[in-house]
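>>> Curious how this folds, go ahead:
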Amino acid sequence: MLSTPSRELMSTDLPAVEQCSTGSTEGSDQSPTGSPPKTEASDDEVPTTPTEKNISKEKTRRGRTSSRRSQGPLYRDPICPQWSRCTNAIHSMIRRFVVALSVHAARHPLSYVLGVTTLSLAVLAIGFFTNFTIEVDYEIIYAPHGSRPVEHMDWIHHPDTGFPQGSRPFTFVLHNQGQNVLSNQGVRQMFQVLETMENTPGYQEICAQSSFTMEYANGTKIENACNVIGITRFWYYDSDLFESQELTDRQVMQAISNESYPDGVPVNRDFILGQYEITNETTVYNPAMEKEVVWGTDPTVTFAKSFLETLLLPETETAIEFETAAIENLLELQQQWREAAEQEVADGLQYTTYQLEFFTMISYNSEFEKAIFKDLPLTFMVGAIMVAFTCIVFYRPDRVKSRSLLGVSSVFTIAMSLAMGHGIMFVAGIPFTNMTMMLPFVVFGVGLDDTFIITGAYFRTDPNKDTVERIHETMHEVGSSISLTTTTTCLAFALGYISSIPAIQWLCLYAFLSLALVFLFQITLFVGFIVLDERRIKANRRDLCVCITVEEDESEQAGQDADSNKTTEDAALRFMTWYADFLMRPAAKAVVIAGFLYYFGVCIWSTTLLTQEFIVSDFLPEGSYVADYLDAVDAYAAEMVPLGIYFRGIDQSNETVQQQMRDYIDELMQLEQLDKQPPFCWVRDLANDEVYEEALGVDLSSFTFNEKLNLALSDPRVRQVYGEDIVRDEQGNITASRCIVFLSKIDFDHVQSQIKMLDDQRAVAVVQPLNEGQENFRMFTFADLYFLWEFYSVAVDELIATTIAGVVSVTVVAFLLMPHWTAVFYVGPIIVMLYIDLLGTLQFAGLHINAVTYVCLTISIGLLVDFLMHIMLRYYESTESTREKKVKDTLKTMGVSIMVGGMSTFLAVIPLAFSTSAIIKTVFTAFFAMVTLGVSHGLIFLPVVLSFIGPKYTPRVHPARIDVANSTDADADTVLDTKFFSGPGNASTSASQPSTSSSDDCDSPGYGIPFGEAPCRTIIEV
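Numbering: from 1, shown residues only. Purely as a prediction, here's the structure:
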């Protein structure tokens, strides 16, 4: 009999009989002398040879599972054998599921290919045309669930609250590159901006739905006009009136310096001028006197870097359509002025044409959506890159045996997984965000890892066997491995769902489902493609051109005496053999340990330097007008963020309550971020009876509070300033009110400054008497930016919690699903080391903790652990006798697949480097770091560690099987001598050698052979 080991036969699972070398031979069909046992022929068959007899037996057993089928490598744990049995049972169950599904797909390949493709595209189409939505509102995607800002916003915008709804500010910034804009030219250009808005179709119809009343110089009042807050109000919004006055620049300054508009409404200069200066004594140069003379002694605004104009549009059904058209018109005007300024610079003139920047309610949404649609081609780019890469990987210099078409099929398999996953999410109503844009790049990179693991194992099987049998052997070998890594990756994304940030939750849902479908489609759809590709090869059809059949003589000439698959695989095997030998050298191992530990220490220090940073403009596409607006506001205007101070659920006519309201405002003003009192605040301005009596000439001593308020609001000027801030019921009682203050002393590029403001204002609110014991505050502040600040405040804590949960979870998975419990002592510490290395590397790369890096770090554990799991699982499955031999065997069989898989992940994210938004480009940096660290730790550091302190337990391989239906007499006589060693240098025993162990030890279910015990060998039943 032959005793040469065969990898293919060792991974099969037809029944066989195990026999120890000597001792009892119970359970063997072969006599101790080696002669065939005596048998009795049945009535139905009279086998003439032992081989025919066994073939006959096998045929009668078809359709049912033998009790002696192979269960794969099993392990003996002298500490806890029950645990070994449990993990072996789990592995067996997983392997059976994967094998059964794959074999079914292999037997019906065309049905699976057509069925899965049709179903995936149908689900995607249904989802896209039903519930598909794109969500870009940061107050929705970044606001943590259950946070106070969310509750406050819901109350403020609820119709029953009573605050006016529908104000849509359209803001303009006119600047002269930092020079003074207080000039005739500046006012003229601002009127041109308003004329552009008025000439946009739909302007009059929208403004007709406004509640604002516009008053002109001749006393004419226009009801239902759009409210404009800015310098044009000094001339009643009338450009003809301004031009007719022929004002000089000094006169323009004087007009703008008035403390009230011509209609009597007070001026808030912070709202209409950017970075202005006031001079009490103004001097000008008199050419006739050839000296400076005093022009005026009244406080005069003599310098401003920008004009700020705000057009308040009502909320209407056509508002978004109008704003979209107005944006296009303003962009044309903006381009004209920029070209004029460039020409003036070319002519040697200083800037005489001012520049316009603008922003509207739909600006963020439209630009975020634009960024998404601009980045959509990157998804097709990654598909093209993956197709090219897999075609190269699977290419062979043989027209028929080349498998580039199989590479295309692998990419198609992942594309269908994404289609199905996204379609299900669309149907479920899960919004699509700019964060979700990165998912295809992740899935393509991760999904192809399993492709290379599967194909690598498939190509190692005997090509002379039936394709279904080869699929069976392939999945039997790698089923546990790909299942384990899929479990850890999906688990990492599932844990991301515990985040309170909607954007993170939605991304994790998309990723979890897509990656789960990748696994399912790999063992069904891709298996179908493998079988169809084998049929193509057997039909002698060309790769990528299946309609062309290669002639026999041409085929023989092209592949004469050369198996191109084997040649390429031999080259890869030679490289990994050389690499494994080199890595196991003592000097190389010393350098690896020292280098990795040194970098780990450096990254610990670097991690302490990580900071939070969130710049909204980074999410915008390059060249966005919104980014220009934000830059202009930052450079030429004080960043005035309106902060509402709200009051609700209290008797606001009570003087004691009013005093507590004023005290709350005063305490807020003590915060370092707020240096100015609210310009207008009813509870402060309308509470002084003396002001009423002096202004109205009426004795108010007998008036109730509501009567005083009615009298004050009867004045149109007072009503215009305070009317929208006071909500009253039918009896005239105040049910809710607010005062507006402006945040001006916050560093919007420094996250800690913003978090501090959020915490400080909340600390003031908590100690207010009216808020004590109240779950929902009666007095609170609110700003739209609170959503982002709330995200900042919880991001670090949630990231730490998610990281700890991820590390613990993958370690537990390794403990439960790895062949031996010692895996936790390698997976846990190294994944922690990897994570710290990643944090330190990101800091070295200049990245900060923001929404995108938060996502990358959340999913990193699931991606990084894949590289470790494949190596660990293969190490445990190795039957070599020493640590170094097990490591070398692991690298030879799994190293190439991991290396190619890491390369595919890196190539998958390359298109992100070409994104139109800076923040998405950081994903490329993060994933580059992940792949580099994961591959290096998996192929360099972990093998060296295992060579020093790896476990010495050796698996027991169950009896091999051969395909009895297609076997030959030689096959039936084959005896596998599995390489179980009792120690270094101990060779496999032959069939006639004596055994030192009993058959009971060999046949004990779930037990393998630890070092120091006698070997067993597996014999095919004959």
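>>> And the helices in the stretch 351-500 of the chain?
In the stretch 351-500 of the chain, the helices defined using DSSP state H, counting those that start in this stretch lie at 363-394, 404-427, 439-460, 467-496.
>>> Of those, which is nearest Phe748?
helix 363-394 (15.0 Å; Cβ to Cβ). (Each C-beta comes from the backbone N, C-alpha and C, glycine too.)
>>> Can you lay out the helices of the stretch 351-500 of the chain as JSON lines showing mean pLDDT and distance to Pro621?
Compiled in JSON lines, these are given as follows (pLDDT from 0 to 100; distance: least, Cβ to Cβ, whole Å):
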{"stretch": "helix 363-394", "mean pLDDT": "81", "distance to Pro621": "4"}
{"stretch": "helix 404-427", "mean pLDDT": "93", "distance to Pro621": "22"}
{"stretch": "helix 439-460", "mean pLDDT": "84", "distance to Pro621": "18"}
{"stretch": "helix 467-496", "mean pLDDT": "87", "distance to Pro621": "27"}
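>>> Ser917: which of those is closest?
Of these, the one closest to Ser917 (Cβ to Cβ) turns out to be helix 363-394, at 4.9 Å.
>>> residues of that closest one that come out buried?
363-368, 370-372, 375, 378-379, 381-383, 385-387, 389-391, 393-394 (16 or more other Cβ atoms under 10 Å).
>>> any idea how far Leu743 is from Arg662?
Remark: distance between Arg662 and Leu743 (Cβ to Cβ, to the nearest Å) = 20 Å.
>>> more crowded one of these two?
Leu743 (23 against 15; other Cβ atoms under 10 Å).
>>> any idea how far that one lies from Leu630?
Taken as Cβ to Cβ, the span from Leu743 to Leu630 is 16 Å.
>>> Check which residues of stretch 842-857 are buried.
Within stretch 842-857, the residues that count as buried by 16+ other Cβ under 10 Å are 842-843, 847-857.
>>> Out of these, the closest to Asn710 would be?
Distances from Asn710 to the buried residues of stretch 842-857, taken as Cβ to Cβ, are shortest for Ala851 (48.7 Å).
>>> what's the spacing between the closest one and Ala503?
Applying Cβ to Cβ to Ala851 and Ala503 gives a distance of 7 Å.
>>> where do the contact lists of these two overlap?
Common neighbours of Ala851 and Ala503, using Cβ atoms under 8 Å, 6 or more residues apart in numbering, are Tyr142, Met435.
>>> Pretty sure Val896 sits against Ala572.
Yes: counting by Cβ atoms under 8 Å, Val896 does reach Ala572; the two are 4.6 Å apart.
>>> which residues do the two both contact?
Common contact partners of Val896 and Ala572 (Cβ under 8 Å, 6+ apart): none.
>>> Those two: which is more packed in?
With neighbours defined as other Cβ under 10 Å, Val896 and Ala572 compare such that Val896 has more, 20 against 17.
>>> Thr133: how many residues sit nearby?
Neighbour number of Thr133 under other Cβ under 10 Å is 10.
>>> going forward, begin numbering at 595 instead of 1
Sounds good: first residue 595 from here, last item Thr727.
>>> Now it: closest residue in space, sequence neighbours ignored.
Nearest non-adjacent residue to Thr727, counting by Cβ to Cβ, 6 or more residues apart in numbering: Pro1025, 5.0 Å away.
>>> rewinding a little: now tell me which of the buried residues of stretch 1436-1451 the prediction trusts least.
Lowest pLDDT among the buried residues of stretch 1436-1451: Ala1445, with 75.
>>> separation between that residue and Val1210?
Taken as Cβ to Cβ, the span from Ala1445 to Val1210 is 10 Å.
>>> pLDDT at Glu936, what is it?
Glu936 is assigned 86 on the pLDDT scale.
>>> next one: Ser686
So Ser686 comes in at 84 (pLDDT).
>>> Neighbours of it, how many?
For Ser686, the neighbour count with other Cβ under 10 Å is 17.
>>> tell me which element it is part of?
helix 675-701 (DSSP states H and E).
>>> returning to that earlier point: pick the one among the buried residues of stretch 1436-1451 closest to Leu708.
Set against Leu708, the nearest of the buried residues of stretch 1436-1451 by Cβ to Cβ is Val1449 (35.8 Å).
>>> ok, now which ones touch that closest one?
Shown in contact with Val1449 (Cβ under 8 Å, 6+ apart): Met1029, Met1032, Gly1090, Ala1097, Ile1098, Leu1101.
>>> what about the stretch 1245-1394 of the chain, any weak spots by pLDDT?
1282-1294 (pLDDT under 70).
>>> still on that earlier bit, mind putting the helices of the stretch 945-1094 of the chain into CSV with distance to Glu817?
Converted to CSV, these look like this (distance: least, Cβ to Cβ, whole Å):
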stretch, distance to Glu817
helix 957-988, 29
helix 998-1021, 46
helix 1033-1054, 52
helix 1061-1090, 54
